[in-house]
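**Student:** turn this into a structure:
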Amino acid sequence: MSKKNTILLLADGAEEMEAVITIDILRRAEIDVTIASIIDQECIKCSRNVKICADAKLEAVKDKQYDAVILPGGLAGSKALSNSKEVGDLLKKQETEGRLIAAICAAPTALKAHGIGFGKQITSYPSMKDQLIGDYKYLEDVVVTDGNIITSRGPATAFAFGLTIVEKLLDKTSALNVAKGMLYKDYE
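**Tutor:** As a prediction, this is how the structure comes out:
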């Protein structure tokens, strides 16, 4: 079985915990993660002034095939994801090919902006609910998986979000092993 590969998209204002925790969990599971900047700079200034340097700019890696495209939240970061044509093109290709799309916190609004997954069950940061309920079946679960779409609520749910991505890409045992290694007990 070939190694799974993912891309995590970042823009200024991204929520750093959601990005870093997800990246860390996937890499612990030996899943490749390309951190891609959707803006024309290598280092991203996140919502709490933490800087994350990308592996590549989206322009350089957008034509590759990914097992999962991951969108961290953060209000400004999510707005940038929503407004990016390149992000929209990547998400539409991912959806058409039936590959995994994962969005947390405010990032499900980017799914809506690009017409992704309408009618599916999703969740988000609570203040985003009203923007999403007309186009999706909104739930308030920690993580919601509906087909190829995984969504989650916010920074505190990033562990469950990352582990769910691992489970979907690999298997439950792999996710449980990563959780055990981190001493994370809330994943079953």
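**Student:** what residues are up against the residue nearest in space to the middle of the chain?
**Tutor:** Centroid-nearest residue in the chain, with Cα atoms, centre = their mean: residue 70, separated by 2.8 Å. Counting by Cβ atoms under 8 Å, 6 or more residues apart in numbering, residue 70 touches 6, 7, 8, 9, 22, 33, 102, 103, 165. Quick note: C-beta positions are derived from backbone N, CA and C, even for glycine.
**Student:** pretty sure the fifth one is in a helix, no?
**Tutor:** Yes. Using DSSP: H, G, I helix; E, B strand; the rest coil, the secondary structure at residue 22 is a helix.
**Student:** check what pLDDT it gets.
**Tutor:** According to the prediction, residue 22 has pLDDT 98.
**Student:** that older thread, now the strand or helix carrying the residue nearest to the centre of the chain: mean pLDDT?
**Tutor:** Residue 70 belongs to strand 68-71 when assigned by DSSP states H and E. On average, the pLDDT along strand 68-71 is 98.
**Student:** partners of that strand, with directions?
**Tutor:** strand 5-10 (parallel), strand 100-104 (parallel) (DSSP bridges).
**Student:** what about the closest residue to residue 81 other than its chain neighbours, which SS state?
**Tutor:** Nearest residue to residue 81, sequence neighbours excluded (Cβ to Cβ, 6 or more residues apart in numbering): residue 110, at 3.9 Å. Following three-state DSSP, residue 110 is assigned to helix.
**Student:** can you get me a residue count around residue 110?
**Tutor:** For residue 110, the neighbour count with other Cβ atoms under 10 Å is 25.
**Student:** how close does it get to residue 167?
**Tutor:** 23 Å (Cβ to Cβ, to the nearest Å).
**Student:** cool, and residue 24?
**Tutor:** With Cβ to Cβ as the criterion, residue 24 and residue 167 are 16 Å apart.
**Student:** tabulate the strands paired with strand 68-71 (TSV), appending mean neighbour count and distance to residue 156.
**Tutor:** Output for the strands paired with strand 68-71, formatted as TSV (neighbours: other Cβ atoms under 10 Å; distance: least, Cβ to Cβ, whole Å):
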stretch	mean neighbour count	distance to residue 156
strand 5-10	24	19
strand 100-104	28	11
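**Student:** among those strands, which is nearest residue 64?
**Tutor:** Nearest to residue 64 among the strands paired with strand 68-71 is strand 5-10; the distance by Cβ to Cβ comes to 7.7 Å.
**Student:** from memory residue 154 sits against residue 18, does it?
**Tutor:** Yes. Under the criterion of Cβ atoms under 8 Å, residue 154 makes contact with residue 18 at 7.4 Å.
**Student:** just the terminal-to-terminal distance for stretch 50-69.
**Tutor:** Distance across stretch 50-69, first residue to last, is 22 Å (Cα to Cα, to the nearest Å).
**Student:** where in the protein is pLDDT low?
**Tutor:** Counting by pLDDT under 70, the chain has low-confidence residues at 1.
**Student:** tell me where it has helices.
**Tutor:** In the chain, helices defined by DSSP state H lie at 16-28, 58-61, 75-83, 85-96, 108-113, 129-132, 158-169, 172-181, listed in chain order.
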